[in-house]
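Undergrad: curious how this folds, go ahead:
(chains A and B)
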Amino acid sequence: MAAVVAGTAGGLDEFFAATRAAFEDAARRLGRIERRYRLGPGVLRLSVAGAAMADAIAGALTHLRLPDDDGTASLTIRAWDGAGSGRPMVPAPWPATAYGQKGEIDVGGDGRYAGFFQQGAETLSLFDRPAAEAFYWARDAAAMPYWERSFPFRPIYHWAMAGTTLQPVHAGAVGRVHGGVLITGRSGAGKTTTTISCLEGGLAYAGDDYVLVDCGPAPTVYSLYDTAKFTEDSLARFPRFADAVWNRTRTGDDKALLYGHRAFPQALVAAMPIRAIVVPRVTGLPHTELRPIPVTAAIRALAPTTLAQLPGHGAETMAKLTRLCAAVPCLEVAAGTELAGIARALAAWLDR
Amino acid sequence: MTDAIDIAAVRFAFAGGPIVHETLDGEVVIINLKTGTYYSLQGVGAECWAVFADPATPATLAAQLIEKAALPPDTAAAAATAFVGALHAEGLLQSERELAITPASLPDLPEGLGQALTLQRYTDVQELLTIDPVHDVDEVGWPVKAEGVKLEA
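TA: The predicted structure is shown next:
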């Protein structure tokens, strides 16, 4: 391939054209899999080269699949992997210094393009804003870790929603079809326990880790992934899910990954109006109580953890999340040790 | 405090860059996107933060503290300098000239005011950013494979 000029719009145009050609080459060699999915109020067109890559990334999206047709899409993602295609990735047009701490890539140019390299998962996300077209390349789809399988495309969704009222957020979402709650909070605060308790208690489930929210006048949560991640402790508390664990062999502090379309298909919901933002707190007491908290307490719970993991658009994202928190009640769920009580308390609040 | 520089006369303003902030219901939440550290200021503290939306000096802030909190001039000056020094040390305010400020303690203040002027600092999100940054790239510019990195949320 011809050398490209780092940091120039022309060089990036050439790089993206070469990347598109590399995907097409992989699709010819491995077979092209075309699917359409719901993406909030829009449509995602996913074009994948090879079954291994499709297996790695499409499982978490199963519940959002739409009929295959040639209808329009609000975002197109083309995905393939190096190991499967047997070809190296197009050479990077930027210097080693372009990589930031979180994996953001300072691609240079005029802002048309964005890039992110996820270490550990060894995946590269690239975005062409005006074309609403993204590329997702993995070093080896078969080796993709469970956590990336559980929430692929996070940076791409984040870029694609810039300039809209939509925003991927680090939160779970459960509730009723007529209204649900976002569950957010720092690591270890009880987010997973609260979310899974609600799933176990019969509430609808839109996600446990990342969901898409509309921060506009009618706050709405959209499911992005049907996955749930259980710690060993959670798995012991909710043993009926054990048979559905995808990664039966785990090491260290790996969490158990479950796909909702296999483990709890009846609970999955694509969208719910947001009735409240809930910040859990583990109390050690038996009963669960809901208490109002200041809006800013919810912002502190939701914004830093969301912003820490998504590349760019920090001020815009902060403004969106502030608007969202100000638009709905913010509650603390003082989560009791009697786990069924968590779902009962939230269901009672939603059904008032 | 640096020698020979009157900090009270130096202008400071919001740092921008990786620092984002929003104010709601009398509280400002400030986030450093680079480090994951986030901060809170409430009540008078949030009002003092807002002073630096446009470049302003600690002397300007002190004048407001005299007016709003009825502080004696010396106490207001010391409180303003300490407040600005703390925010500057965290990289939340930038100064019009390069400064090395040794943060000072707040003076004795009326009940509640000292707490309002104390920057609340939270570091629990930092663990999401502790991944080792890219050090090496291969011959075609892609990061060398990272082993053992786990980023599940």
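Undergrad: ok, now which ones touch B:Lys68?
TA: By C-beta atoms under 8 Å, 6 or more residues apart in numbering or on different chains, the contact list for B:Lys68 reads B:44, B:47. Heads up, the C-betas are built off the backbone N, CA and C, glycines and all.
Undergrad: tell me which element it falls in.
TA: helix B:58-69 (DSSP states H and E).
Undergrad: keeping just the C-alphas, turn that helix into PDB.
TA: What follows is helix B:58-69 as a C-alpha-only set of coordinates in PDB (Å, rounded to 0.1, in the frame of the first residue of the first chain):
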ATOM      1  CA  PRO B  58      -8.200  36.000  44.000                       C
ATOM      2  CA  ALA B  59      -8.500  39.600  45.000                       C
ATOM      3  CA  THR B  60     -11.800  39.700  43.100                       C
ATOM      4  CA  LEU B  61     -13.000  36.600  44.900                       C
ATOM      5  CA  ALA B  62     -11.900  38.000  48.200                       C
ATOM      6  CA  ALA B  63     -14.000  41.100  47.600                       C
ATOM      7  CA  GLN B  64     -17.100  38.900  47.000                       C
ATOM      8  CA  LEU B  65     -16.400  36.900  50.200                       C
ATOM      9  CA  ILE B  66     -16.300  40.200  52.100                       C
ATOM     10  CA  GLU B  67     -19.600  41.200  50.600                       C
ATOM     11  CA  LYS B  68     -21.400  37.900  50.700                       C
ATOM     12  CA  ALA B  69     -20.000  36.200  53.800                       C
END
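Undergrad: point out where the chain drops to low pLDDT.
TA: Since no chain was named, I'll use chain A. A:1-10 (pLDDT under 70).
Undergrad: oops, chain B please
TA: Applying pLDDT under 70 to chain B picks out residues B:1-4, B:127-133, B:148-153.
Undergrad: cutoff 80 now
TA: Chain B contains residues with pLDDT under 80 at B:1-6, B:98-103, B:125-135, B:146-153.
Undergrad: what ranges do the strands span in it?
TA: Along chain B, the segments classed as strands by DSSP state E run B:12-14, B:19-24, B:27-32, B:38-42, B:93-95, B:120-122.
Undergrad: out of the ones you listed, deepest packed?
TA: Across these, the average number of neighbours (mean count of other C-beta atoms under 10 Å in any protein chain shown) peaks for strand B:27-32, which reaches a mean of 24.
Undergrad: what's the angle from that strand to strand B:38-42?
TA: Strand B:27-32 runs at 160 degrees relative to strand B:38-42, counting by axes from the mean of the first three to the mean of the last three C-alpha atoms, to 10 degrees.
Undergrad: thinking again about what came up before, TSV for the strands of chain B, including distance to A:Gly71?
TA: Shown next, in TSV, are those (distance: least, C-beta to C-beta, whole Å):
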stretch	distance to A:Gly71
strand B:12-14	45
strand B:19-24	37
strand B:27-32	39
strand B:38-42	42
strand B:93-95	49
strand B:120-122	45
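Undergrad: now render the ones you listed as CSV, adding distance to chain A.
TA: Formatted as CSV, these follow (distance: least, C-beta to the nearest C-beta, whole Å):
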stretch, distance to chain A
strand B:12-14, 11
strand B:19-24, 4
strand B:27-32, 4
strand B:38-42, 4
strand B:93-95, 16
strand B:120-122, 7
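Undergrad: out of those strands, nearest to B:Val144?
TA: Closest to B:Val144 of the strands of chain B, according to C-beta to C-beta: strand B:27-32, at 27.8 Å.
Undergrad: ok, which stretches of the stretch 1-150 of chain A are strands?
TA: All strands of the stretch 1-150 of chain A, identified by DSSP state E, counting those that start in this stretch, fall at A:32-39, A:42-49, A:65-66, A:75-81, A:104-105, A:113-118, A:123-128, A:133-138.
Undergrad: neighbouring contacts of the fourth one?
TA: Read that as strand A:75-81. For strand A:75-81, the external contacting residues (C-beta under 8 Å, 6+ apart) are A:20, A:22-23, A:26-27, A:30, A:39, A:42-50, A:52-53, A:56-57, A:132-141, A:153, A:156-157, A:160.
Undergrad: and with 7 Å instead?
TA: The contact list for strand A:75-81 (C-beta atoms under 7 Å, 6 or more residues apart in numbering or on different chains) reads A:23, A:26, A:39, A:42, A:44-50, A:52-53, A:57, A:132-141, A:153, A:156, A:160.
Undergrad: out of those, which touch chain B?
TA: A:Arg139 (C-beta under 7 Å from any C-beta of the partner chain).
Undergrad: list buried residues within the contacts of strand A:75-81.
TA: Using 16 or more other C-beta atoms under 10 Å in any protein chain shown as the burial test, the contacts of strand A:75-81 include A:23, A:26, A:39, A:42, A:44-50, A:52-53, A:57, A:132-141, A:153, A:156, A:160 as buried.
Undergrad: what helices or strands is the longest helix seen in chain B leaning on?
TA: Across chain B, the helix with the greatest residue count (assigned by DSSP state H) is helix B:73-89. Applying 3 or more C-beta pairs under 7 Å, 6 or more residues apart in numbering or on different chains; DSSP states H and E, we find helix B:73-89 packed against helix B:58-69, strand B:93-95.
Undergrad: which outside residues touch it?
TA: Under the contact criterion C-beta under 7 Å, 6+ apart, helix B:73-89 has outside partners B:7-8, B:12, B:48, B:58, B:61-62, B:65-66, B:71, B:93, B:95, B:101, B:103-107, B:109, B:117, B:119.
Undergrad: try it again at 6 Å.
TA: The contact list for helix B:73-89 (C-beta atoms under 6 Å, 6 or more residues apart in numbering or on different chains) reads B:7, B:12, B:48, B:58, B:61-62, B:65-66, B:93, B:101, B:103-104, B:106-107, B:117, B:119.
Undergrad: near chain B, which residues of the stretch 151-300 of chain A?
TA: Neighbours of chain B within the stretch 151-300 of chain A, by C-beta under 6 Å from any C-beta of the partner chain: A:186, A:209, A:255, A:295-296, A:299-300.
Undergrad: just the ones of the residues you listed in helices?
TA: Going by DSSP H, the helices hold A:295-296, A:299-300 from those.
Undergrad: B:Gln126: what's it in contact with?
TA: Counted by C-beta under 6 Å, 6+ apart, B:Gln126 has contacts B:Gly36.
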